[in-house]
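A.B. asks: One predicted model, sequence on top.
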Amino acid sequence: MTMQWWRDAVIYQVYPRSFADGDGDGVGDIAGIRARLGHLRDLGVDAIWMSPWYPSPMADAGYDVSDFRDIDPVFGSLAEAEALITEAHEAGIRIIVDIVPNHISSEHPWFKAALADPEAKERDYFWFRKSQNMPTNWVGEFGGTAWTRVDDDTWYLHLFTPEQPDLNWEHPDVRAEFESILRFWFDRGADGIRIDSAALLFKDPALPEVVEGQPHPFHDLDAVHDVYRSWRRIADEYADRALIGEVWMPDVERFTNYLRPDELHAAFNFDFLGCAWDPRLMRDCVDRTLAAHAHVGAPPTWVLSNHDVTRHVTRYGRADTTFSFENNLDGTPVDLELGTRRARAAALLTLALPGSAYIYQGEELGLWENEAIPHDQIQDPMYARRGHTRDGCRVPMPWSGDEPPYDFTTGAPWLPQPAEWKDRTVQAQTGDSRSMLELYRSAIRLRTFIAHDFAWLDRGEDVLAWTRGTDFACVLNLSGAPVSLPAHRSILLASSPLDGDLLPRDTAVWLRL
Ligand code: GLC
């Protein structure tokens, strides 16, 4: 594999709870992942990003970490994690671990010490404030208040749930601890780090209210860049390690500040993820992305789904195809056939653009959002605060068989799987050339031959078409009607059958020129 592998890698997100269960308790684990590594090898991905697998009370599905140097028993052991890293490397697959620096679990020894004794040095690792009333009216990232009162009028800050107290990144011990955690995982062979909530680490100590037009008190404060510069120096001490930021930021210039040459290697393109299925908006988004990343010399990324957002088969099957947490579309009508058709085209779109592409587990199977989870089974803490649950995209993978749990587990899966997924299992799709899985396998295989250079081809406003080098083109028809194709030698791949010589609506093709 090439150096600077993150520049064009296909990176597959494993959500450990829901990938495969090895011990029958209904929750996915490392044993399950090791047993199913062949699926990822056959798919042809370059790297796996593992959502958190550390010891955690699971107040936020593991994003509330109580020990960054071990594995939660529900997922296995540190020895198993090390074995997985070795086996993945043997299969030519790199491993990216998820580090959550903004907050830790309220069960972490630091927070327990801080709570037990107001004089403890650990108090300063967090944002404790004495105040009669709530220190600010900040709204947390899941909605709801951002402060919890402990006793005698003392409060602590948590931008997420009360079980996730925010760390004070002004404190040198906090910085030193995370630098040591980075080394811990790099020393164990991790090839990259995904950085959770990367833009939230610093807070304005004066604790001003959020006022439109004023600097934000906790989003994207400049001091955060100094942390990532120090992390970059650590990554550079090791060979070929990548830092990948979860940076939600509407301002593209502020976003790419995180990707300057001495900071992170890459960041998720949420601008693209939230973009409507619309020719003008998509083209603008691609242009914006390419220009901004070129400016700092960082690779663009293309992301359609992850464990926090509505699966794109569902999104693209709605009248409103955008995504944002503010605009809750849960339960609005979905045309799954249309969504699937567009998702197939989107796969060829993202895998043919320059940069690296992310695949969220199950998207290669064309899974849709399970919007029918009974309320009393919903576990996502966002649900109580915002009325939206992320559990619908976290439903366990269907591997084989005709009915749930589709060989995900020998027990009862932690979230219910739809009965309609029997034709979406890996087994059902393998060898079926019309299946989503075979489309992804072919596209990832062919992608390795795609040249670097990118240029738009003019096929009218409603068609996105571009070349990569002299002998490859991708054409995506976002108009409502069939369109003609540019001259070509052969069709390498099509997301839906062609209509004679015409490219039907919501269809993408890869052409050999
Ligand atoms: C990130 C994670 C999300 C988590 C939150 C708090 O956004 O992707 O799943 O709930 O951070 O850690």
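C.D. replies: That came through fine.

A.B. asks: Looking from the ligand, tell me which residue of the stretch 401-513 of the chain is nearest.
C.D. replies: Using Cβ to the nearest ligand atom, the single residue of the stretch 401-513 of the chain nearest to the ligand is Leu415, 15.0 Å away. Bear in mind the C-beta positions are built from the backbone N, C-alpha and C, glycine included.

A.B. asks: What ranges does the stretch 251-400 of the chain have for its helices?
C.D. replies: Along the stretch 251-400 of the chain, counting by DSSP state H, counting those that start in this stretch, helices occupy 252-257, 270-273, 279-296, 312-315, 336-352, 382-386.

A.B. asks: What is the neighbour count of Pro118?
C.D. replies: 13 (other Cβ atoms under 10 Å).

A.B. asks: what's the answer for the one 10 residues further on, then?
C.D. replies: Neighbouring residues of Phe128 were enumerated by other Cβ under 10 Å; the total is 19.

A.B. asks: how far does stretch 467-482 stretch from start to finish?
C.D. replies: 20 Å (Cα to Cα, to the nearest Å).

A.B. asks: Centre of the chain to that stretch, how far?
C.D. replies: 27 Å (Cα atoms, centre = their mean, to the nearest Å).

A.B. asks: residues of that stretch that come out buried?
C.D. replies: Judged by neighbour count (16 or more other Cβ atoms under 10 Å), stretch 467-482 contains these buried residues: 467-468, 472-478.

A.B. asks: Can you tell me which of the residues you listed end up in strands?
C.D. replies: The strands, defined by DSSP state E, take in 467-468, 472-477 from the buried residues of stretch 467-482.

A.B. asks: Reformat those residues as CSV; add distance to Arg344 and pLDDT.
C.D. replies: Formatted as CSV, these follow (distance: Cβ to Cβ, whole Å; pLDDT from 0 to 100):
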residue, distance to Arg344, pLDDT
Thr467, 21, 98
Arg468, 20, 98
Phe472, 19, 98
Ala473, 18, 98
Cys474, 13, 98
Val475, 14, 98
Leu476, 11, 98
Asn477, 12, 98
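
A.B. asks: now, which of these sits nearest Ile193?
C.D. replies: Nearest to Ile193 among these, counting by Cβ to Cβ, is Arg468 at 29.3 Å.

A.B. asks: Asp46: which of the helices of the stretch 251-400 of the chain is closest?
C.D. replies: It is, among these and with distance given as Cβ to Cβ, helix 336-352, at 12.1 Å.

A.B. asks: what's the closest residue to Asp462 other than its chain neighbours in contact with, if anything?
C.D. replies: Distances taken as Cβ to Cβ, 6 or more residues apart in numbering put Ser479 closest to Asp462, at 3.4 Å, once the chain neighbours are dropped. Residues in contact with Ser479, defined by Cβ atoms under 8 Å, 6 or more residues apart in numbering, are 279, 460, 462-463, 505.

A.B. asks: okay, now whatever residue of the chain ends up closest to the ligand: neighbour count?
C.D. replies: With Cβ to the nearest ligand atom, the shortest gap between the chain and the ligand falls at Tyr63, namely 3.3 Å. Neighbours of Tyr63 under the rule other Cβ under 10 Å: 25.

A.B. asks: Look up the pLDDT of it for me, please.
C.D. replies: Among the per-residue scores, Tyr63 holds a pLDDT of 98.

A.B. asks: pretty sure it contacts Ile99?
C.D. replies: No. Counting by Cβ atoms under 8 Å, Tyr63 does not reach Ile99; the two are 10.7 Å apart.

A.B. asks: who touches both of those two?
C.D. replies: With Cβ under 8 Å, 6+ apart as the test, Tyr63 and Ile99 both reach Asp196.

A.B. asks: Reformat the helices of the stretch 251-400 of the chain as CSV; add distance to the ligand and mean pLDDT.
C.D. replies: Output for those, formatted as CSV (distance: least, Cβ to the nearest ligand atom, whole Å; pLDDT from 0 to 100):
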stretch, distance to the ligand, mean pLDDT
helix 252-257, 15, 93
helix 270-273, 10, 97
helix 279-296, 20, 97
helix 312-315, 16, 98
helix 336-352, 19, 98
helix 382-386, 7, 92
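
A.B. asks: I'd like to know how far the spatially most central residue of the chain sits from Ala294.
C.D. replies: For the chain, the residue nearest the mean C-alpha position is Asn306 (4.1 Å; Cα atoms, centre = their mean). Going from Asn306 to Ala294 by Cβ to Cβ, to the nearest Å gives 25 Å.

A.B. asks: circling back: was I right to think the residue nearest to the centre of the chain contacts Asn269?
C.D. replies: No. Using Cβ under 8 Å, Asn306 is not in contact with Asn269; the gap is 11.2 Å.

A.B. asks: rewinding a little: so what does the residue nearest to Asp462 look like in phi/psi?
C.D. replies: phi -80, psi 170 (degrees, to the nearest 10).

A.B. asks: circling back to that earlier point, how many neighbouring residues does the residue of the stretch 401-513 of the chain closest to the ligand have?
C.D. replies: 20.

A.B. asks: Next up, the contacts around the spatially closest residue to Ser435 that is not a sequence neighbour.
C.D. replies: Ranked by Cβ to Cβ, 6+ apart and with sequence neighbours excluded, the top spatial neighbour of Ser435 is Gln429, at 3.6 Å. By Cβ under 8 Å, 6+ apart, the contact set of Gln429 is 365, 423, 435-438.

A.B. asks: will you turn the ones in strands among the buried residues of stretch 467-482 into TSV that also has distance to His225?
C.D. replies: Conversion of these to TSV gives the following (distance: Cβ to Cβ, whole Å):
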residue	distance to His225
Thr467	36
Arg468	33
Phe472	37
Ala473	39
Cys474	35
Val475	40
Leu476	36
Asn477	41
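
A.B. asks: Export these as TSV, with columns for distance to the ligand.
C.D. replies: Below are these laid out as TSV (distance: Cβ to the nearest ligand atom, whole Å):
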residue	distance to the ligand
Thr467	35
Arg468	31
Phe472	34
Ala473	35
Cys474	29
Val475	34
Leu476	28
Asn477	33
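
A.B. asks: Closest one to Arg315 out of these, please.
C.D. replies: Leu476 (16.6 Å).

A.B. asks: I figured that closest one was touching Leu464, is that so?
C.D. replies: Yes. With contacts counted by Cβ under 8 Å, Leu476 reaches Leu464, the gap being 4.4 Å.

A.B. asks: what residues are shared contacts of those two?
C.D. replies: With Cβ under 8 Å, 6+ apart as the test, Leu476 and Leu464 both reach Leu349.

A.B. asks: Quick one: neighbours of Val211, just the number.
C.D. replies: 9.

A.B. asks: got the contact list for it?
C.D. replies: Contacts of Val211 by Cβ under 8 Å, 6+ apart: none found.
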